[in-house]
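Trainee: Show me the folded form of this:
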Amino acid sequence: MKPLRIAFISPFYPFKGGIAKFSSLLLEALRTKGYDVLPVSFKALYPRFLIGAPLEGDQSTGKASITRPGLVLYNPFSWFRTARFIRSLQPDVVLVAYWSGFLAPLYLLLRRMTGVRTVVLLHNYAAHESFFFEPLMKMLLAACTDAFITLSGAVSRELEADLPEVPRLQLYHPVYEPAGKSVSSAEARKELGIGPDVPVLLFFGYVRRYKGLDLLLQAMPAILKKEPSLKLVVAGHFFEQPARYRELVRQLDIAGNVDIYPGYVPSERTGAFFAAADAVVLPYRSATQSGVVQLAYGYGLPVIATPVGSLPDMIRPGKSGWIAGDVSPERIAEAVSQYLDSRGRLDAQRAEILSISRECSWEAFSEAAGRFLEAEAGRR
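Mentor: Numbering: from 1, shown residues only. The predicted model follows:
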């Protein structure tokens, strides 16, 4: 039997960021299941002046065979070229990664011009930082979508409220396995200049207001009263000026306990930060799901998070992590304190995280997603 042909539109490796990482791994997992997946990648997403630094990687290299018709999110002329290209591929179904309302007009045009059933892999439904045209973008998304695959219960519940008639499959964010060279904790701490007995918290990933780094910094004085030697490591690309956070560190008089590494962290460098850490902190003001949680689990680290979106669904309190009472410096400090009190139960925590990793595998995700795509393709 001819395998299902899937045109998969998304940024892929070597683009930077969580969406590209997720899509690249899903691409390989679906191919392993025997599906004929044709990746249609972007040439560019956003103008550089909007993001401060390019988030695209070296487009001349990559692990996967990427089909590039020259799709540029901010260039509508490239959308028409991409629609013609997708028609030429003759896919059975189109799978599109969606994380921002700015994608809705593009996907609506592609759906109308190709006539192929389109399944939206929905990372975010509502924007973390709302904008004026968001209601219109949601209307356009509904118009271009035949079905949804969601990664969290929070997003599924939003869809149920707005689009109850559209088929959807609720899945989960699979665990990211460590990539690149394996680094021991001792090696990583030596590289980062951190002593072997110092408790280390890690804030990792893009720094935007909704991710609450300022809340975590404001919680640090209370945390340091309990554990004066504790170190907070911040590593990631800043969408705001790092100087703002450095000034907050200075005002709080915690400079000796906070190390900031601004800039995108490539996979070969990621291992050092996670190997050096004891726990990962997500002090988010809002969230749907987070790949950082699954990355932490991949490295065997517990997670401390705020009770927003589906973050509580991803954490087994007191076992694989801790959930703050609310989104405030005081409650974040209390959750960190609970974690510090639990450090004598590391073996039990690691066993729990290993159990989650087995349940949330890419193999299981791709199997369920593949069956759903087959069913949607059959509805033509």
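
Trainee: ok, what's across the strand from P262?
Mentor: Applying DSSP bridges to P262 gives these bridge partners: G236.

Trainee: wait, A7 sits on L89?
Mentor: Yes - in this structure A7 lies within contact range of L89 using C-beta atoms under 8 Å: 5.4 Å. Heads up, the C-betas are built off the backbone N, CA and C, glycines and all.

Trainee: Mind checking which of those two has more residues around it?
Mentor: A7 (26 against 17; other C-beta atoms under 10 Å).

Trainee: The more buried one belongs to a strand?
Mentor: Yes - assessed by DSSP: H, G, I helix; E, B strand; the rest coil, A7 belongs to a strand.

Trainee: Against M137, how distant is the closest residue to it other than its chain neighbours?
Mentor: Among residues not flanking A7 along the chain, P91 sits closest, at 3.9 Å (C-beta to C-beta, 6 or more residues apart in numbering). As for P91, its distance to M137 is 25 Å (criterion: C-beta to C-beta, to the nearest Å).

Trainee: Which of those two has more residues huddled nearby?
Mentor: The neighbour comparison of P91 against M137 (other C-beta under 10 Å) goes to P91, with 23 against 19.

Trainee: Would you mark the buried spots in stretch 101-115?
Mentor: 101, 103-111, 114 (16 or more other C-beta atoms under 10 Å).

Trainee: now do stretch 220-236
Mentor: Buried-residue list, stretch 220-236, by 16+ other C-beta under 10 Å: 220, 223-224, 227, 230-236.

Trainee: same thing with stretch 297-304?
Mentor: 297-299, 301-304.

Trainee: Quick check: S24 touching Y13?
Mentor: Yes - between S24 and Y13 there is a contact at 4.2 Å, judged by C-beta under 8 Å.

Trainee: those strands in this structure, which residues are they?
Mentor: 5-9, 36-44, 67-72, 93-98, 118-122, 147-150, 168-170, 200-204, 231-236, 258-262, 279-282, 303-305, 321-323 (DSSP state E).

Trainee: Tell me which residues touch E367, please.
Mentor: Neighbouring residues of E367 by C-beta atoms under 8 Å, 6 or more residues apart in numbering: K33.

Trainee: Roughly how far does it sit from A29?
Mentor: 9 Å.

Trainee: my guess is K231 meets A255, correct?
Mentor: No - K231 lies out of contact with A255 (C-beta under 8 Å); the separation is 11.5 Å.

Trainee: Output the below-cut-off pLDDT ranges for the protein.
Mentor: Where the chain drops to pLDDT under 70, the residues are 48-68, 127-134, 380.

Trainee: how about the nearest residue to the residue nearest to the spatial centre of it, chain neighbours excluded?
Mentor: Nearest to the mean C-alpha position of the chain, by C-alpha atoms, centre = their mean, lies G291 at 3.5 Å. Leaving out its chain neighbours, the residue that sits closest to G291 by C-beta to C-beta, 6+ apart is G18, at 4.3 Å.

Trainee: With H237 instead?
Mentor: With C-beta to C-beta, 6+ apart, the residue lying closest to H237 is Y264, at 4.4 Å.

Trainee: now swap in M137 and tell me
Mentor: Using C-beta to C-beta, 6+ apart, the nearest residue to M137 is G101, at 3.1 Å.

Trainee: what's the answer for L301, then?
Mentor: L301 sits nearest to V280 (C-beta to C-beta, 6+ apart), 5.4 Å away.

Trainee: The one you found: neighbour count?
Mentor: For V280, using other C-beta under 10 Å, the count is 25.

Trainee: Cross-check the contact I'm expecting between it and L201.
Mentor: Yes - the pair V280 / L201 is scored as a contact, 7.5 Å apart, by C-beta under 8 Å.
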